[in-house]
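Undergrad: No letters, just coordinates:
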């Protein structure tokens, strides 16, 4: 998503050129390219798929909508398995239109996980619940903290459900370090994503994630917490940023790799 | 602030017209009108000042900036006392430019409170630490949750330092009900403010607070939590909203009172 202006073949070529051996993919471009074709493309390049983003949106009340969401998430599990990644990232979904019942929406996420978790586990895919920043609680994700994500995940075996730790969403939370330790002890950290916090936020607030090093987050401190929690998995940089998308994608990829080395290693 | 388009005399007249007996004031218009003059105006109308907004911005590292902030907060205490309110709301301040040290900034807020709390107490004024939504953590307020605000407040006597509970800032937090109970048990709820959460957020995110009833927050549920915590003080409606500010202020005040009765009583 950081370089969504690149086609899948361009992305694969650029990763090879810059020595990037692993990549996180999003469903829409994978499906547009064709799932088996995308799987063959990354495999032939020796590129490892870290995670597939994203399933989720599991808060619907209406039975037809709920069934459609569950079916779509099963497809997402299939796609993850086809791509050879063991992790599907889930964004839980916001409040249904007109609803003010946050607790109820969170409980429906748990109910949906109870249906999806065994399916994912039997396909060798772990579901990673991603807490999104509280500014998305109404319209995108009712799971706002790492503690909430763990409360949900821990109802299921760790090889079925864990969490995604993204600095952008939880950097403000003084309980995040304790949450990371708890997640690590339970072997539930299924991915680690970096994005920096910059202000002012743009209208709609979705596409304002800062390039590593441009904002308020001390990436080395976060890496330290993750290492002390025993996390040795991949580290993804996931930026939603209109300015980065408007630039040459290869340049942005190269810059992002350099910023990672400068600020996070 | 909800009707900042009204001058102080217009506001006082409109409150009388609509049967509103209490009002929260902001420092800038009070100072522009003259503090003794504003105090005389509200007193002559029999209007009670619930709170003065706001002191704070206590995170500076540089000694000169820090001393200036402390001096300004002492003036704010004096102004609150002159207006006859017992509560000064504090917004803690964000990260200093270039800093990535959230924990350090929060500790500097505590250090500043240690200097200000006795001064406020001796003037009959309580400091109310207001947690602001985590989307403001970098640039406006490093105190993001009610639990953090209470952790700070409880270092001091309750008649010196408490908290402000504002639905807009903490509505997403599943720990807020426990925080309200904790604050009530310690007699530390110094004010209760309502604003609704509406999306999409505007650029900069400051002026997007929704009119009561327009958004995702169930005001009656919040009132219930506050009542069970023993809170019997005033309830303020504090909206930062460009659309409301562009309308006739008297109309907005009347509408806000009606919305309060419709959605919060």
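TA: Arrived safely, thanks for sending. None of the values given here were measured: they were computed from a predicted structure. Residues are numbered from 1 along each chain as shown, chains lettered A, B, ... in the order given.

Undergrad: ok, and the closest non-adjacent residue to residue A:48?
TA: Taking C-beta to C-beta, 6 or more residues apart in numbering or on different chains, and ignoring the residues beside it in sequence, residue A:48 has residue A:22 as its nearest neighbour in space, at 4.5 Å. All C-beta atoms are positioned from the backbone trio N, CA, C, and that covers glycine.

Undergrad: For the one you found, list the residues it contacts.
TA: When contacts are counted by C-beta atoms under 8 Å, 6 or more residues apart in numbering or on different chains, residue A:22 touches A:47, A:48, A:49, A:50, A:234.

Undergrad: Buried ones from these, can you make that a ChimeraX selection?
TA: Filtering the contacts of residue A:22 down to the buried ones (16 or more other C-beta atoms under 10 Å in any protein chain shown) takes a single ChimeraX command:
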select /A:47,49,50,234
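
Undergrad: Now render the contacts of residue A:22 as TSV, adding pLDDT and secondary structure.
TA: Compiled in TSV, those are given as follows (pLDDT from 0 to 100; DSSP: H, G, I helix; E, B strand; the rest coil):
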residue	pLDDT	secondary structure
A:47	97	coil
A:48	98	strand
A:49	98	strand
A:50	98	strand
A:234	96	coil
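
Undergrad: quick one: the residue nearest to residue A:48 and chain B, what's the gap?
TA: Counting by C-beta to the nearest C-beta, to the nearest Å, the separation of residue A:22 from chain B is 27 Å.

Undergrad: quick one, phi/psi of that residue?
TA: In terms of degrees, to the nearest 10, the main-chain angles of residue A:22 are phi -140, psi 150.

Undergrad: do you know how far it is from residue B:114?
TA: To residue B:114, residue A:22 is 49 Å away according to C-beta to C-beta, to the nearest Å.

Undergrad: go on, residue A:78?
TA: 59 Å.

Undergrad: And residue A:139, by the same measure?
TA: When C-beta to C-beta is the yardstick, residue A:139 and residue B:114 sit 40 Å from each other.

Undergrad: more neighbours, those two?
TA: Neighbours per residue, other C-beta atoms under 10 Å in any protein chain shown: of residue A:139 and residue B:114, the larger number sits with residue A:139, 20 against 12.

Undergrad: what about the nearest residue to that one once chain neighbours are set aside, how many neighbours?
TA: With C-beta to C-beta, 6+ apart as the measure, residue A:94 is the residue that lies nearest to residue A:139, at 4.3 Å, once sequence neighbours are left out. Residue A:94 has 21 neighbours, counted by other C-beta under 10 Å.

Undergrad: ok, residue A:94 - contacts?
TA: When the contact criterion is C-beta under 8 Å, 6+ apart, the partners of residue A:94 are A:59, A:105, A:136, A:137, A:138, A:139, A:140, A:141, A:142.

Undergrad: thinking again about what came up before, TSV for the contacts of residue A:22, including distance to residue A:247?
TA: Formatted as TSV, the entries for those read as follows, by distance: C-beta to C-beta, whole Å:
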residue	distance to residue A:247
A:47	22
A:48	26
A:49	24
A:50	23
A:234	24
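
Undergrad: Hmm, residue A:145 is touching residue A:130, no?
TA: No. Counting by C-beta atoms under 8 Å, no contact exists between residue A:145 and residue A:130, whose distance comes to 11.4 Å.

Undergrad: Where does the closest residue in space to residue A:135 that isn't next to it in sequence sit: helix, strand or coil?
TA: With C-beta to C-beta, 6+ apart as the measure, residue B:135 is the residue that lies nearest to residue A:135, at 4.3 Å, once sequence neighbours are left out. In three-state terms, and counting by DSSP: H, G, I helix; E, B strand; the rest coil, residue B:135 is helix.

Undergrad: before we move on, back to that, out of the contacts of residue A:22, which is nearest to chain B?
TA: Lowest distance from chain B to the contacts of residue A:22 (C-beta to the nearest C-beta) belongs to residue A:234, with 23.5 Å.

Undergrad: just checking, that closest one touches residue A:23?
TA: No. No contact is recorded between residue A:234 and residue A:23 when judged using C-beta under 8 Å, the distance being 9.2 Å.

Undergrad: anything in contact with each of these two?
TA: Residues touching both residue A:234 and residue A:23 (C-beta under 8 Å, 6+ apart): residue A:50.

Undergrad: what sits up against stretch A:80-90?
TA: With contacts defined as C-beta under 8 Å, 6+ apart, stretch A:80-90 is touched by A:25, A:30, A:35-36, A:38-39, A:42-43, A:48-56, A:58, A:73, A:76-77, A:120, A:123-130, A:164, A:190-191.

Undergrad: Return the set of buried residues in stretch A:95-102.
TA: Going by 16+ other C-beta under 10 Å, stretch A:95-102 has these buried residues: A:95, A:99, A:100, A:101, A:102.
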